[in-house]
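> Model the following, please.
(one chain, ligands or ions: 2)
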Amino acid sequence: MTNTTDTTASATAGKATGLTPDEVESQLTDTVIASFAGTSDARLKELLTSLVTHLHGFIRDVRLTEEEWNQAINFLTAVGHITDDRRQEFILLSDVLGASMQTINVSNTPYKDATEATVFGPFFVDDAPQIDNGGDIAGGGVGQPAWVEGVVRDTDGNPVPGARIEVWEADEEGLYDVQHDDDRVYGRAFLFSEDDGSFRFWGLTPTPYPIPDDGPVGALLEATSRSPMRASHLHFMVTAPGLRTLVTHIFVTGDELLATDSVFGVKESLVKDFEQQPAGTPTPDGRDLGDATWSRARFDIVLAPEGV
Ligand code: BEZ
Ligand code: FE
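Ligands and ions are numbered 1, 2, ... in the order given. Now for the predicted structure:
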């Protein structure tokens, strides 16, 4: 690997010009930024200028050593090596650094009472089975049955009929179907809201699970004494014409991982009661669950207009 941090050259330039080390450093930042002057894409120019400003600022703030920079490059190389069609370590890195969540924050500015967004995660697939309202997304996945219902509305309070609601979740072992080496499908489906905006389905009471931690991101978590565990959650993606697509989850009241979610995805407004129902409690649709306990949760969804 070539050495990209030849400090000798800048120090010599500083001596020859009589500049202080501080002036040499800021002159380099200015020179790199000036090198983007010919960028015709104005947004690209803005992104690169800000990136270089912050990156140089970071290097100068922490007085980064060449050894540390090489370690960082080796770390990113390892992140690249473990990444393939099934494993996306760069997204995990972005998630555990809060970069995914911060991008969501700035891209989904709060609008009236629109439901808040959170991380997409790597386990969505776009060919999940369709279910009718009241159907079961579990698809054989193991876990406690959970009845989930709500209404989709716009920010003027009007019901949104025909909203496409994608839901996906891990089973009680903490695994998504796509984490198995076969083609099994469980814990995912899509359905449409009714004319009055309402929707309902059976799923599984969410349980906590770890993000994949057997790679460099796991090593980073270990080195910082952080847990890979995600707070228990159920994913939603809701789309409707003319309205802003909502990617979110609901979390479970009382889950002790709410404060330490490994990807910083928890928002208070998304924490919902999954009320435990003793065995034998009649179900909303008359489904016979035998002697199994179950839970029920309500999630009313408000979609912002597109483009706000
Ligand atoms: C998830 O919720 O599925 C997820 C989010 C970020 C990283 C890993 C998993
Ligand atoms: Fe998840």
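> For residue 208, grab the count of nearby residues.
19 (other Cβ atoms under 10 Å). C-beta here means a position set from N, CA and C on the backbone, and glycine is covered the same way.
> meant to ask about residue 275
So residue 275, with other Cβ under 10 Å, has 14 neighbours.
> please renumber so the chain begins at 26
Noted, 26 is the first residue going forward, which turns the last one into residue 300.
> what are the phi and psi values for it?
In this entry, residue 300 is assigned phi and psi values of phi -70, psi 120 (degrees, to the nearest 10).
> Check the stretch 76-225 of the chain for the residue nearest ligand 1 and tell me.
Going by Cβ to the nearest ligand atom, ligand 1 is nearest to residue 146 of the stretch 76-225 of the chain, at 2.7 Å.
> partners of the residue lying closest to that residue once chain neighbours are set aside in the sheet?
With sequence-adjacent residues excluded and distances taken as Cβ to Cβ, 6 or more residues apart in numbering, residue 146 is closest to residue 260, at 6.6 Å. Beta-bridge pairing of residue 260 under DSSP bridges involves residue 193, residue 274.
> Now do the contacts for residue 260.
146, 148-149, 191-194, 272-274 (Cβ atoms under 8 Å, 6 or more residues apart in numbering).
> Got the confidence number for it?
Predicted confidence (pLDDT) for residue 260: 98.
> Turn the contacts of residue 260 into a markdown table, columns for pLDDT and neighbour count.
Below are these laid out as a markdown table (pLDDT from 0 to 100; neighbours: other Cβ atoms under 10 Å):
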| residue | pLDDT | neighbour count |
| --- | --- | --- |
| 146 | 91 | 20 |
| 148 | 91 | 16 |
| 149 | 93 | 15 |
| 191 | 98 | 19 |
| 192 | 98 | 24 |
| 193 | 98 | 24 |
| 194 | 98 | 28 |
| 272 | 97 | 18 |
| 273 | 98 | 24 |
| 274 | 97 | 28 |
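> Now do the contacts for the residue of the stretch 76-225 of the chain closest to ligand 1.
Counting by Cβ under 8 Å, 6+ apart, residue 146 makes contact with 120, 260, 288.
> That one in helix, strand or coil?
coil (DSSP: H, G, I helix; E, B strand; the rest coil).
> Now the phi/psi pair for it, please.
phi 80, psi 170.
> who in the chain is up against ligand 1?
117, 120, 144, 146-148, 236, 255, 288 (Cβ under 6 Å from any ligand atom).
> Tabulate the residues you listed in CSV, adding columns for distance to residue 199.
What follows is the residues of the chain next to ligand 1, written out as CSV (distance: Cβ to Cβ, whole Å):
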residue, distance to residue 199
117, 16
120, 17
144, 17
146, 13
147, 14
148, 12
236, 10
255, 9
288, 15
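> Where does confidence bottom out across these?
Among the residues of the chain next to ligand 1, residue 147 has the weakest pLDDT, 88.
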